[in-house]
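In: sharing a model that was predicted from the sequence below.
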Amino acid sequence: MKKMLIPVMALAMACNSSQKTVAPTTETPQEVTPVTYANTITEGELKEMLYTFASDEFEGRDTGKEGQKKAAAYLRDHYIELGIPAAQSNGDYYQKVPLVKLSVPEGSFSFGNSNYTFGEQILAFRAPAKSQYEFSSIVYAGYGIDDAKYSDYTNLDVKGKLLLIKSGEPVNNDGTFVVTGTKEASKWSNQRQALRAKTMLAEEKGAAGVLFIESDNFGRYIQQFNYLKEHGGNMTVDGNQSDFFSCVINTELASKIYKTYTSTATSATISGKASLSFKSNNEEVDTENVVAFIKGSEKPNEYIVISAHLDHVGVDENGNVFNGADDDGSGSVAILEIAEAFRKAQLEGNGPKRSIVFLHVTGEERGLLGSEYYAQSPIFPLANTVANLNIDMIGRIDPERQGNRNYVYVIGADKLSTELHEISEQMNEKYCGIELDYKYNDDNDPNRFYYRSDHYNFAKHNVPAVFYFNGTHDDYHRISDTPDKINYDLLTNRSKLIFHTAWELANREKRIVADKAK
């Protein structure tokens, strides 16, 4: 759904004005409107801040690295200068986020009288929470599929068991796949999806762990294992590791465990004791969210969270800095300008009725980790969080939108709250006249952008959320995403739209309702 909104001239001026209001004073304007404060958001200040925040000095802001620390300090110091307090009661702007950098574990698997060390015929990519597992037998569960047209789990008790499952999926005599009924395979044999889908299913069924037989691509898994052993891999929130484990094994080892696995379709119990041991090589990562807030004047215990991620992807092996000006320097400095606008209103006696939380999260590029931790350990209760407005890349133009540039992609506003969507539309029509493009809001969007930024960790907890996004471009995640490529007029207007939406959410009489909450 797309809607083109054409404003009258006065309203266009309200969002497009670059005139900078003087420093906040205690004098109250004769006529108080949000436009007064929205116009403190200017191209000049956004540009000045972004040229610093996305400079080489900040070294690509990789999570836990020195450049990310500099970025966090820059944000903290800005809030101190504005006189906006820390969100935490102890006065610390930093919310420590306990992350670990995952590395492949050391360990071994034994079955019968044979022992196999990780790295040859058996691979483990993550260490589970436990270090030792013992089993009296192994359960063969075929392809490890549970689907509408086919299931290996029918009448099969796998709770607490070690499962042996094979790659692929069943095929009819005519060459069609049983699950799809066509010549096209399903996710159960898609290399990018199958291992994760099958192991997640096994965990949901209550299995203790999985030995996954990789018949075609074990060599590629070996390469991945060796790379991660040398360089380390992704990160996760410390404490999120479960007792469940999964290992990839080759066909030679699979045949030693169960000779007839290639020709056997039905489940079976394989006699013989099995054990696995794991030694974690994970490393702790020192990183933090930066969180400031303005206390509401009438409803201080209800919160509007405005978020963006402060991290980017760092420096490559040749020393090239990934500046991340759009991703997500644009969102980071937008929040700073929005915060200044709310602070000026507060100093003039027109502060928001509800509290505004300015949340800069770490670890987004590593898997939305900073926002995941905030949702797990919120400074302010999620039950009292009215909405999340998340900003991730709002300074550029999608190549598909060249020539029709006055737009922003809006994702998620209607997923949980009808009112949030309506307010977003109303504020835009009243003040800004930007085209709100819902291209990526489609539930069937193959890019799955709704699941790929920090708002999703709020939406998972039924907090209405909207994600503002300009789309990807040729400089996305490249060293060429630099401040000189930013369209500062668009960054300014989009920031004003978000300010107006936050202003309305904070000052309306009743909080919005999550009428579509699951």
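Out: Done, it's in.

In: ok now do the residue nearest to the spatial centre of the chain, which residues does it touch?
Out: For the chain, Leu368 is the residue whose C-alpha lies nearest the centre (Cα atoms, centre = their mean; 3.1 Å). When contacts are counted by Cβ atoms under 8 Å, 6 or more residues apart in numbering, Leu368 touches Arg452, Ser453, Asp454, Tyr456, Asn457. In this view, the C-beta of every residue, glycine as well, is placed from N, C-alpha and C.

In: low-scoring pLDDT stretches of this structure, where are they?
Out: 1-31 (pLDDT under 70).

In: buried sites along the longest helix belonging to it?
Out: Counting by DSSP state H, the longest helix found in the chain is helix 488-507. For helix 488-507, burial by neighbour count (16 or more other Cβ atoms under 10 Å) applies to 488, 490-507.

In: next: stretch 452-472.
Out: Those would be 452-459, 462-472, for stretch 452-472 by 16+ other Cβ under 10 Å.

In: looking at those residues, which are in strands?
Out: If you go by DSSP state E, the buried residues of stretch 452-472 have Ala465, Val466, Phe467, Tyr468, Phe469 in strands.

In: nearest to Arg196, of those?
Out: Distances from Arg196 to these, taken as Cβ to Cβ, are shortest for Phe467 (24.0 Å).

In: list the beta-bridge partners for that closest one.
Out: Beta bridges link Phe467 to Asn390, Ile411, judged by DSSP bridges.

In: can you pull out the helices in the stretch 351-500 of the chain?
Out: Assigned by DSSP state H, counting those that start in this stretch, the helices in the stretch 351-500 of the chain fall at 369-376, 413-416, 418-427, 456-459, 488-507.

In: kindly reformat the ones you listed as a markdown table containing distance to Val305.
Out: Shown next, in a markdown table, are the helices of the stretch 351-500 of the chain (distance: least, Cβ to Cβ, whole Å):
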| stretch | distance to Val305 |
| --- | --- |
| helix 369-376 | 9 |
| helix 413-416 | 14 |
| helix 418-427 | 13 |
| helix 456-459 | 7 |
| helix 488-507 | 9 |
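
In: in stretch 320-329, which residues are buried?
Out: Applying 16+ other Cβ under 10 Å to stretch 320-329 flags Val321, Phe322, Asn323, Gly324, Ala325, Asp326, Asp327, Asp328, Gly329 as buried.

In: contacts for that stretch?
Out: Against stretch 320-329 from outside (Cβ under 8 Å, 6+ apart): 50, 53-56, 58-61, 308-310, 312-316, 364, 391-396, 470, 473, 475-479, 481-483, 485-486.

In: could you do stretch 343-355 as well?
Out: With Cβ under 8 Å, 6+ apart as the criterion, stretch 343-355 contacts 21, 24-29, 32, 36-37, 40, 82-84, 293-304, 342, 380, 386, 502-503, 505-507, 511.

In: try 6 Å this time
Out: 24, 28, 32, 37, 40, 82, 84, 293-300, 302-304, 506-507 (Cβ atoms under 6 Å, 6 or more residues apart in numbering).

In: PyMOL command to pick out the buried ones of those?
Out: In PyMOL, the members of the contacts of stretch 343-355 classed as buried (16+ other Cβ under 10 Å) are selected with the following command:
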select buried, resi 24+37+40+82+84+293+294+296+297+299+302+303+304+506+507
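
In: strands - which of the contacts of stretch 343-355 land there?
Out: With DSSP E as the criterion, strands contain Phe293, Ile294, Lys299, Pro300, Glu302, Tyr303, Ile304 from among the contacts of stretch 343-355.

In: list the contacts of Ala514.
Out: Contacts of Ala514 by Cβ under 6 Å, 6+ apart are Leu416, Ser417, Asn462, Pro464.

In: confirm that it sits in a helix.
Out: No. Under DSSP: H, G, I helix; E, B strand; the rest coil, Ala514 falls outside any helix and is assigned coil.

In: distance from the centroid: which residue in the protein tops it?
Out: Max radial position in the chain (Cα atoms, centre = their mean) goes to Asn113, at 45.0 Å.

In: hmm, back to that, closest to Thr287 out of the helices of the stretch 351-500 of the chain?
Out: helix 369-376 (7.6 Å).

In: outside of the closest one, which residues touch it?
Out: Val97, Leu99, Met235, Val237, Asn289, Val361, Thr362, Gly363, Asp454, Asn457, His461.

In: at 8 Å what do you get?
Out: Under the contact criterion Cβ under 8 Å, 6+ apart, helix 369-376 has outside partners 63, 95, 97-99, 235-237, 287, 289, 291, 307, 309, 311, 359, 361-364, 382, 454-458, 460-461.

In: got the domain boundaries for this structure?
Out: The chain breaks down into these domains under automatic domain parsing: 2-18+46-98+284-507, 106-281.

In: please, where are all the strands along the stretch 101-250 of the chain?
Out: With DSSP state E, counting those that start in this stretch as the criterion, the stretch 101-250 of the chain has strands at 106-111, 114-117, 122-124, 132-140, 162-166, 209-213, 235-237, 245-249.

In: out of these, flag the one nearest Ser89.
Out: Among the strands of the stretch 101-250 of the chain, strand 235-237 sits nearest to Ser89 (Cβ to Cβ), with 22.4 Å.

In: work out the gap between the closest one and the centre of the chain.
Out: 12 Å (Cα atoms, centre = their mean, to the nearest Å).

In: elements contacting that strand?
Out: Packing partners of strand 235-237 (3 or more Cβ pairs under 8 Å, 6 or more residues apart in numbering; DSSP states H and E): strand 94-101, helix 369-376.

In: pretty sure Thr266 is touching Ala141, no?
Out: No. Judged on Cβ atoms under 8 Å, Thr266 makes no contact with Ala141 at a distance of 9.9 Å.

In: neighbour count for these two, which is higher?
Out: Per other Cβ atoms under 10 Å, whichever of Thr266 and Ala141 has more neighbours is Ala141, with 26 against 9.

In: that one reaches Asn155, doesn't it?
Out: No. Contact criterion Cβ under 8 Å: Ala141 and Asn155 do not qualify, at 11.8 Å.

In: is Glu106 in a bridge, and if so with what?
Out: What pairs with Glu106, by the bridge criterion (DSSP bridges), is Lys279.

In: no wait, Ile122
Out: Phe118, Ile249.

In: can you put the contacts of Ala514 in TSV and add distance to Tyr150?
Out: As requested, those are arranged in TSV below (distance: Cβ to Cβ, whole Å):
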residue	distance to Tyr150
Leu416	34
Ser417	38
Asn462	34
Pro464	38
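
In: of all these, which two lie farthest apart?
Out: Comparing every pair within the contacts of Ala514 by Cβ to Cβ identifies Ser417 and Asn462 as the most remote, at 9.5 Å.

In: neighbours of the closest residue in space to Leu82 that isn't next to it in sequence, how many?
Out: Of all residues not flanking Leu82 in the chain, Arg343 sits nearest, at 5.1 Å (Cβ to Cβ, 6 or more residues apart in numbering). Neighbourhood size, Arg343 [other Cβ under 10 Å]: 21.

In: now the one helix or strand Arg343 maps to against strand 465-469, angle please.
Out: Taking DSSP states H and E as the criterion, Arg343 maps to helix 331-347. Helix 331-347 runs at 120 degrees relative to strand 465-469, counting by axes from the mean of the first three to the mean of the last three Cα atoms, to 10 degrees.

In: convert the C-alpha atoms of helix 331-347 to CSV, please.
Out: Written as CSV, here are the backbone C-alpha positions of helix 331-347 (Å, rounded to 0.1, in the frame of the first residue of the first chain):
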residue,chain,number,x,y,z
GLY,A,331,19.6,7.2,12.7
SER,A,332,22.0,7.9,15.5
VAL,A,333,22.3,11.7,14.8
ALA,A,334,18.6,11.9,14.0
ILE,A,335,17.8,10.8,17.6
LEU,A,336,20.2,13.4,19.0
GLU,A,337,18.4,16.2,17.1
ILE,A,338,15.0,14.8,18.1
ALA,A,339,16.2,14.7,21.8
GLU,A,340,17.3,18.4,21.5
ALA,A,341,13.9,19.4,20.2
PHE,A,342,12.1,17.6,23.2
ARG,A,343,14.6,19.2,25.6
LYS,A,344,13.9,22.7,24.3
ALA,A,345,10.2,22.0,24.8
GLN,A,346,10.8,20.8,28.3
LEU,A,347,12.9,23.9,29.2
